[in-house]
Structures are given as structure tokens and as C-alpha cells.
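Novice: sequence first, predicted model second:
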Amino acid sequence: MSTENALLTILVDRINNDTLVLPTLPEVAVKVRQAADNPEVNLMDMADVISHDPALSARMIKVANSAFMGRSVKVTNLHQAVTRIGLRQIKNIATAMAMEQLFVSHNELIKGYMDKAWQKTLKVACHSITLMDFFLRRNKQTSLNRDTITLASLVYNIGVLPILTEAEKHPEVFANPSFLAHAIQKLGGKVGGAIMRAWGFTDEFVEVAESWANPNYRPEQICYVDFIRIGAILEGILQVSDKSAALQTYVDKGVIESLELFNEDEYHDMLDEVKAIFTE
């Protein structure tokens, strides 16, 4: 049995037996989520939790001042930022911001793969969030929202992490990038769903992680998976034979108004604003 097939067998067995080591949610995200779920917590309490992480504090102020929040008056401190963003949104935004901490490795080879995976994730996320903004302008009554897509678009590909970590024990497989791509394509969704369940995330996040790359999953109702897929198609991460035809299905479904959206300055201006949230 080749090393590649042996590794694939190991991964499948560990997934099926629930023995695959899954990444843990970063501590700051755990604390923020616990605080947000506490019915007695207030905005001052939340600001105190976030203040212990300077990087997250700075990012929250950045988010609060972004076009993403739709406000023109700038906030200057964390308490103002928390007040503007709100507890529910903070829970998901803080978790999303902490995701970057997981895409790290002390192994230079793995680090390269992790960096690429994170950069691809960010590109898809920025499109997904921007698309949601335009969708919400036309659909005021939808249950879909910005804060959920923010987190969903940053965890959709979380399943690559345990696969790369396991592959690290077999450095020879990295000489064959096509094998790793195959392993991730074959197993990433199942692993991603397992991580979302282990972290106690709701079904919509499990759905995104498990199904975004599954060509047989075609929900009739508009859902978060649609926004992730459009972003992945635009960035060439989700391979399709005809990009225009693939995107047209989302026009027909009502997710986007027309393909002309991607040529509009307003779309690219918003995309740049969203990208700015995720850059230091």
C-alpha cells in the first residue's frame, strides 16, 4: 500500500471511530462565546472580556468603524465598538477573528500549506460577506444575517486542519500536492462537520462545513452555503466547467441580482472594505 493510500485509510478510520484529533477553539473565542451565552452579561462585561486580548480589541474597533456596519460616525474605544456591534454579532465576529490562530504550524512545510489555506479562506470570506450585504439590501425579511456569514465563511474549510496535522507525520506525502488536494476534497467536509459539532456550533455551521464542496448538495432554499460557494467559484477554489453558467444558477435562485454585480464599483468598494477588516 502506498504512503498516500495508507494515510487516507488512517484518516478515514479515525474519522469513523471518532479518534481523529480535532483542533480546539482558541481560548479568547471560548471566553467571548461563554460570556455572550450568559443571560446576565452586559456590554460592559463583554468589553472587559475582549480587552484582555489587544489584537481582538483593535479588530473589534476596526469592524465597528467599517462600512460593513453601515455607520459613518467613528468609534474610538472598545466600549463604543461593543455597543455598536452588539452581543450577538460579537460572539460570531470574535470567533471568526480567532480562526487565524489555528492556521499555524512550527513545521515550515505545513506552515506553507496552512498559510495558503488561510489566505484562500479569507478570499472566499470577503466575497461571501460582501454578497450577503447586497442580498440583505434586497431581502429585508430574511433570517440570514451578516454576523453568521462572517463566521461561517471563516470556518467553512476548517476540515483541512486535522488532515494537514495528520499528514505532518508523513512528510513524504507533501512531495505529492495532488494527493493532499484529493484527501482534503474527499474528507474535508466530513472532518469540518465533526469539528463544528465538537465545538457545539449550530446546524447551519455544520451544513456549511460539510456541504459547501459537495456537488450533490443542492438546497432549494437560499442558505449560507450559497454565499460560500459563490465566493469559492469566484476565487477558483470550487472548480466548475463554466464559471458564468455556475454563477447564473445563483441569479436564478435569487441569491444575487445579476452577474453584472461583479463588475460594479460598488461591489468592489464593499469588497475592499471587508478585506480591510481582516488585514492588520
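Specialist: Ah, there it is.
Novice: isn't Val28 right up against Ala94?
Specialist: Yes: the pair Val28 and Ala94 passes the contact test of CB atoms under 8 Å, sitting 7.0 Å apart. (Glycine included, C-beta is placed from N, CA and C.)
Novice: give me the more crowded residue out of these two.
Specialist: Comparing Val28 with Ala94 by other CB atoms under 10 Å, the one with more neighbours is Ala94, at 28 against 19.
Novice: surely that one meets Pro26?
Specialist: No: if you go by CB under 8 Å, Ala94 and Pro26 don't touch, sitting 9.4 Å apart.
Novice: what's the overlap in contacts for Val28 and Ala94?
Specialist: 50, 56 (CB atoms under 8 Å, 6 or more residues apart in numbering).
Novice: from Gly193, how far off is the spatially closest residue to Ile149 that is not a sequence neighbour?
Specialist: In space, and not counting its chain neighbours, Ile149 is closest to Met132: 4.4 Å by CB to CB, 6 or more residues apart in numbering. Separation of Met132 from Gly193 (CB to CB, to the nearest Å): 22 Å.
Novice: same check, this time on Ala167
Specialist: From Ala167 to Gly193 the distance is 20 Å (CB to CB).
Novice: next: Ile129.
Specialist: On the measure of CB to CB, Ile129 and Gly193 end up 22 Å apart.
Novice: those two: who's more crowded?
Specialist: A direct count of neighbours by other CB under 10 Å for Ile129 and Gly193 places Ile129 higher, at 27 against 22.
Novice: residue contacts, that one?
Specialist: Here Ile129 is in contact with 68, 146, 149-150, 153, 274 (CB under 8 Å, 6+ apart).
Novice: narrow these to those in strands?
Specialist: Secondary-structure check on the contacts of Ile129 using DSSP state E: no residue lies within strands.
Novice: between the residues you listed, which is nearest Ser178?
Specialist: Nearest to Ser178, judged by CB to CB, of those is Ser153 at 26.2 Å.
Novice: do you know how far the closest one is from Ser258?
Specialist: From Ser153 to Ser258 the distance is 22 Å (CB to CB).
Novice: out of these two, which sits in the busier spot?
Specialist: The neighbour count for Ser153 versus Ser258, taken as other CB under 10 Å, is higher for Ser153 (28 against 11).
Novice: any idea how far the more buried one is from Glu108?
Specialist: 28 Å.
Novice: Glu210 versus the residue nearest to Ile149, what's the distance?
Specialist: On the measure of CB to CB, Met132 and Glu210 end up 20 Å apart.
Novice: can you check His268 too?
Specialist: Counting by CB to CB, the gap from His268 to Glu210 is 31 Å.
Novice: ok, Ala152 next?
Specialist: When Ala152 is compared with Glu210 (using CB to CB), they lie 12 Å apart.
Novice: those two: which is more packed in?
Specialist: Ranked by neighbour count (other CB under 10 Å), Ala152 and Glu210 place Ala152 first, with 29 against 22.
Novice: can you name the residues that contact the more buried one?
Specialist: By CB under 8 Å, 6+ apart, the neighbours of Ala152 are 128, 204-205, 208, 224, 228.
Novice: now rank these by neighbours and give me the top one.
Specialist: Going by other CB under 10 Å, Val208 tops the contacts of Ala152 with 30 neighbours.
Novice: next structured bit after whichever strand or helix holds that one?
Specialist: Using DSSP states H and E, Val208 falls within helix 203-211. Of the helices and strands lying after helix 203-211 in sequence (DSSP H and E), the nearest is helix 224-234.
Novice: alright, calling it a day.
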